[in-house]
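Enquirer: after the sequence you'll find the predicted model.
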Protein chains: 2
Amino acid sequence: MATGKKTYQNTILDIAEALKLSPATISRALNNHPYVKEKTRNDVVEMAAKLGYRRNHMASGLRSNRTRTVGLIIPRVSMFFHAEVITTIQNDLHKHGYHLIICQSNDSVRMERELAETLYASRVDALIAACTLQTIDFGHFDKFVEHDTPVIFYDRVPVNPYKATLIKGDDFQGAYTATSHLIAAGSKKIAHISGPLTSNLYQDRAAGFLKAMEEQGLPVNQDWIFHQELSHENAIKAMQKLFETTEVPDALFADNDTTAIAAIEFAKAAGIAIPEKLKIAGYSNDPRTAIISPSITSVEQFPNLVGKRIVETLVDLLSPDHEGATYKTEPVVVPVKLISRMSSSTI
Amino acid sequence: MATGKKTYQNTILDIAEALKLSPATISRALNNHPYVKEKTRNDVVEMAAKLGYRRNHMASGLRSNRTRTVGLIIPRVSMFFHAEVITTIQNDLHKHGYHLIICQSNDSVRMERELAETLYASRVDALIAACTLQTIDFGHFDKFVEHDTPVIFYDRVPVNPYKATLIKGDDFQGAYTATSHLIAAGSKKIAHISGPLTSNLYQDRAAGFLKAMEEQGLPVNQDWIFHQELSHENAIKAMQKLFETTEVPDALFADNDTTAIAAIEFAKAAGIAIPEKLKIAGYSNDPRTAIISPSITSVEQFPNLVGKRIVETLVDLLSPDHEGATYKTEPVVVPVKLISRMSSSTI
DNA sequence: ATAAATTATGAAAACGTTTTCATATCAAGA
DNA sequence: TCTTGATATGAAAACGTTTTCATAATTTAT
């Protein structure tokens, strides 16, 4: 009290003093620098623990120009798929001593651009991004690439080559499997409510759908294919269009579960029996698909696996002895799996 | 190129040089220090914009001992209520120039303790926490309080007085309203599946339930009251107990929607008509409650409002001209609202 | 045994800000 | 006009690390 002793947190200098060593040695010992005697390192680690030393990230980051922080930009944390991905990313990154700063674009390109700017200014060590569906120009990520900050895109990824790592679900396979499943269940006249083709996601799913149809020699009715924002309202509108004519489809492949749910609601209201008259498959395996009746067949995307892959990749790219480019040249593809439920049952 | 000019980011020194001023003045101008001439400030701000200057958080934080970062500890980001709260907190904090570091305890007290430790070491300017249901000892937050770092608890808050700000839903009112609603719909024999009484949440809801029953002069059957972890399995077990005897309840008030959903499933399987033979009300207004059939009456907690209140409070407590304690003495109570659906309908 | 190479440590600078202290300028009061 | 007090700026220290450079200690090669 009478002394000028500070009471807040112990620093590297306190350890140095206690051990009669220089701060430089303490720093080296704590950072696993090779040129530190085994005994010295042990002493330091022990004393650090004893004093309850915690590295000051700001001082460390200022000097070394590394923040041990990763930035994440996503449309919304409250979307089921993303919430699950984040859960894993956050948990796994924490194990590796990294912080995660989560930012939401609210599906606005302008916001996404602004957030990228902010995160760049915050000197994050790496950036993870699931872009907006409207993001076509990826210029706001250039800064990162130019300064060798790894960028990882997942879910919604650039269509054109970009110096970043891509991690995505197997959308082609998912759509192909779902469509094949509907066909195998006896459907012949299949409609497809898809998202906008500006996104790789929906391009791939559209291709998977077409491949399955073609493979089974089924005609594709262009009036039954919709490319639109996958909202509840849009889905209802599409259903109205589909069922206002005399010839109606006997199955629907929807690119997300919100659309599939809306379709069920519409069918119930219109007295269309599911799965007898109309079979439905959705995408993402949202928890709601298991709850609604009839329950909805959907494509599981394994968000936790996606998160795991992201962190694995990142840790590799950020490891001090990583060599070469700051991105993987080959996209990492995470498998998907069809979860079959009542909405596509044969009875 | 030939010059030693660095190309990375402009600093306060670059602005100083460009304007023939000292770095001190630049800093003051940028931080709205009163003793800076109007013209000077304008010049500085203009030049900063021109040079694309962005404050280096680490240098700033190191010197001023403020990180402009807020820590958040929650059980899981993928729970609907929390996902929504986070969405708002993150968006609003961002507007005020704060970063948010989100950490998940996975509902483990040990993890929660560890995360508190980490966030403390990270020198967050404030901490927001939604504790584990098992958290009874709040000692791991003492450090923050002792060092005048504001702590805000929401949702699950300490029962005993603690030098922190409490933000919670009106659980008493929610339970009271839901129960009264069931009674008004004609129910007389109401069961209650509640969470463990170690948490304020369930204490308040239990009290609200009892108040409503008492007020209407209805007897409370202790065999029909459960205090347990609110999982799907536990809910099914409770339902089995409730319906294995001759005298069965005609309504159920469930402390969360997972339980209410399980109850619906059980009732469907057991051939108990809802709402004719059994009326059900849940809690949280999870999206699934609107989807399932029959749809479930539930208590909306306005997560976005909770998030808004949290940030408001925080910004106030962190504002440089805030005086007095680092916490609010009175808890902030966010209103709730009953959403009436089919599961409690009178027809 | 001596030189050379390797390993281990310390001194001091550096990172980019904020802040204290000193000093200069300015407006107002006598 | 000269003080005074307020306003405005600058010089330099400080925050806690990491890192460069220099040097000391140790091992290996000759």
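Expert: Happy to help now that I have it.
Enquirer: for A:L119, which non-adjacent residue is spatially closest?
Expert: Nearest residue to A:L119, sequence neighbours excluded (CB to CB, 6 or more residues apart in numbering or on different chains): A:G71, at 3.7 Å. Glycine gets a C-beta too; all of them are placed from N, C-alpha and C.
Enquirer: and that neighbour, what element?
Expert: strand A:69-74 (DSSP states H and E).
Enquirer: A:A116 against A:L127, yeah?
Expert: Yes. With contact defined as CB atoms under 8 Å, A:A116 counts as touching A:L127 (7.4 Å).
Enquirer: now do the shared contacts for these two.
Expert: A:I73, A:F141, A:F144 (CB atoms under 8 Å, 6 or more residues apart in numbering or on different chains).
Enquirer: isn't the residue nearest to A:L119 right up against A:I101?
Expert: Yes. With contacts counted by CB under 8 Å, A:G71 reaches A:I101, the gap being 5.1 Å.
Enquirer: list phi and psi for A:G169.
Expert: Backbone torsions of A:G169, given as degrees, to the nearest 10, read phi -70, psi 160.
Enquirer: confirm A:A267 sits in a helix?
Expert: Yes. Counting by DSSP: H, G, I helix; E, B strand; the rest coil, A:A267 is located in a helix.
Enquirer: wait, doesn't it sit right on A:K279?
Expert: No. Counting by CB under 8 Å, A:K279 is not a contact partner of A:A267; they are 10.5 Å apart.
Enquirer: who's more crowded, the two?
Expert: Taking neighbours as other CB atoms under 10 Å in any protein chain shown, A:A267 and A:K279 compare with A:K279 leading, 26 against 21.
Enquirer: if I look at that one, how far off is A:L218?
Expert: A:K279 is 14 Å from A:L218, where distance means CB to CB, to the nearest Å.
Enquirer: what residues of stretch A:163-171 count as buried?
Expert: A:K163, A:A164, A:T165, A:L166, A:I167, A:K168, A:G169, A:D170, A:D171 (16 or more other CB atoms under 10 Å in any protein chain shown).
Enquirer: whatever helix or strand the fifth one lives in: partners in the sheet, and parallel or antiparallel?
Expert: Per DSSP H and E, A:I167 falls inside strand A:165-169. Strand pairing for strand A:165-169, using DSSP bridges, gives strand A:151-154 (parallel), strand A:332-334 (parallel).
Enquirer: can you give me the strands in chain A?
Expert: Per DSSP state E, chain A carries strands over the ranges A:69-74, A:99-104, A:126-129, A:151-154, A:165-169, A:190-194, A:225-227, A:251-254, A:279-284, A:297-300, A:332-334, A:337-339.
Enquirer: tell me where the model's unsure across chain A.
Expert: Applying pLDDT under 70 to chain A flags residues A:1-8.
Enquirer: return the residues of it in contact with DNA strand D.
Expert: Neighbours of DNA strand D within chain A, by CB under 7 Å from any atom of the strand: A:8-9, A:11-13, A:23-24, A:26-28, A:30-31, A:53, A:55-56, A:59-60, A:62-64.
Enquirer: got a quick ChimeraX command for the buried subset of these?
Expert: The buried residues among the residues of chain A next to DNA strand D can be selected in ChimeraX (16+ other CB under 10 Å) with this line:
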select /A:11,12,26,27,28,30,53,55,56,59,60,62
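Enquirer: just the residues of chain A next to DNA strand D that are near chain B?
Expert: A:Y8, A:R55, A:N56, A:A59, A:L62 (CB under 8 Å from any CB of the partner chain).
Enquirer: show me the domain layout of chain A.
Expert: Here the domain parsing of chain A from automatic domain parsing is A:12-55, A:67-169+A:303-334, A:171-301+A:338-344.
Enquirer: how much space between the residue of the stretch 151-300 of chain A found nearest DNA strand C and DNA strand D?
Expert: For the stretch 151-300 of chain A, the residue closest to DNA strand C is A:V151, as judged by CB to the nearest atom of the strand, at 22.0 Å. With the distance defined as CB to the nearest atom of the strand, to the nearest Å, A:V151 ends up 22 Å from DNA strand D.
Enquirer: dump the residue contacts of the closest residue to DNA strand C within the stretch 51-200 of chain A.
Expert: As assessed by CB to the nearest atom of the strand, DNA strand C sits closest to A:R63 within the stretch 51-200 of chain A, at 3.3 Å. By CB under 8 Å, 6+ apart, the contact list for A:R63 is empty.
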